[in-house]
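>>> sequence unknown, structure follows:
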């Protein structure tokens, strides 16, 4: 089944080409929009909202309240150590723009690291007060929004903002049933169960506090070939809307093929320990479930006088294959059109909730990048995950 995507870590989409790609492969796309946030969408986003009812603005208030206790506990438990890494000193400039940043590297001067901003409506009042009391956040002078109205921001180190956004997205996905969807490799690789212990570990640059050892709860990083119209950035949004309206069934079939691929691989490779045999299962599953829908998408775009290029759609899903050798290496297992990279729970999702570990993807990474191979994409995510464990994220 197709799933409503939940875009993160930003409110405004950073890449027009990416939004067009998402409009083809997602039935709808939600984003985190706190109450009162000054949304300033370009005409293309307004058209997707008006013509396809594609954009959903999701208020994070309930999710923010739900994750606040864990954040407060993490800050209180380490309030002596954290300000030295992340103090929101007055001399630090405030940019508001970057939140997807790793923690401060040892020895990196804080004054050289601009503060990022969270909108007050996406942080509980209690957590806001605790962050300010511990010098981890401050309220800069109000700034003008695009409509020239003064608004406030909660300024903090971009690493704290990034960890908070990831945790907020995870909780919001749990509350709504939406699937986290991003164009940011680092955010996709950093999914985890954001307990107070894991929040503290991330902030302090440590490995996750509690590691899931059950093989069935490991996560596979997968990527599948997809097709997109050439010159996507310059393709009129009306053309994207027409393609979506006239060939929605083909895109649905492609999404359903991904679900079947994950479910069938998990079942058919449960005891497979031979890499060559695993590749055979991988190729057969792709040929059976994805190749035909992919060809139909190519034909649909050609029917609208569009040339196409190949890219890759990445996703996290329950682990497949039994051998540790298949899941602890650095090189993906790749065949034509599909690639899989297994990483241990220590390298990616620590203690992911069991109810999230069905046979379907739990997060998507879509890149509107020409000739991007599935093996290249999962390799990037894997490297990001391995770097993350070295810094605690």
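Cool, the structure landed. This is a predicted model, so every value here is computed, not measured.
>>> quick one: low-confidence ranges for the stretch 51-200 of the chain?
Along the stretch 51-200 of the chain, segments meeting pLDDT under 70 span 96-112, 143-149, 189-192.
>>> Would you map the strands across it?
Here the stretch 51-200 of the chain has its strands, by DSSP state E, counting those that start in this stretch, at 55-58, 116-118, 137-138, 143-144, 150-151, 154-156, 179-182.
>>> partners of the fifth one, with directions?
Applying DSSP bridges, strand 150-151 is found paired with strand 143-144 (antiparallel).
>>> Likewise for the second one?
Listed by DSSP bridges, the sheet partners of strand 116-118 and their directions read strand 154-156 (antiparallel).
>>> Distance from the strand it pairs with to the middle of the chain?
Centre-to-centre, strand 154-156 and its host chain are 22 Å apart (Cα atoms, centre = their mean, to the nearest Å).
>>> Go ahead and name everything in contact with that strand.
86, 88, 94, 96, 115-120, 123, 128, 131, 136-140 (Cβ atoms under 8 Å, 6 or more residues apart in numbering). Quick note: C-beta positions are derived from backbone N, CA and C, even for glycine.
>>> need the next SSE after whichever strand or helix holds residue 278, C-terminal direction.
Using DSSP states H and E, residue 278 sits in helix 275-289. Counting by DSSP H and E, the next helix or strand C-terminal to helix 275-289 is helix 291-303.
>>> That next one vs helix 275-289, what angle?
Between helix 291-303 and helix 275-289, the angle comes out at 50 degrees (axes from the mean of the first three to the mean of the last three Cα atoms, to 10 degrees).
>>> quick one: contacts for the nearest residue to residue 119 once chain neighbours are set aside?
Nearest residue to residue 119 in three dimensions, chain neighbours excluded: residue 34, at 4.8 Å (Cβ to Cβ, 6 or more residues apart in numbering). By Cβ under 8 Å, 6+ apart, residue 34 lies in contact with 59-61, 119-122.
>>> Can you select the buried ones among the residues you listed for me in ChimeraX?
Filtering the contacts of residue 34 down to the buried ones (16 or more other Cβ atoms under 10 Å) takes a single ChimeraX command:
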select :59,60,119,120,121,122
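>>> Could you export the contacts of residue 34 to a markdown table, including columns for distance to residue 366?
Shown next, in a markdown table, are these (distance: Cβ to Cβ, whole Å):
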| residue | distance to residue 366 |
| --- | --- |
| 59 | 24 |
| 60 | 22 |
| 61 | 27 |
| 119 | 25 |
| 120 | 30 |
| 121 | 27 |
| 122 | 23 |
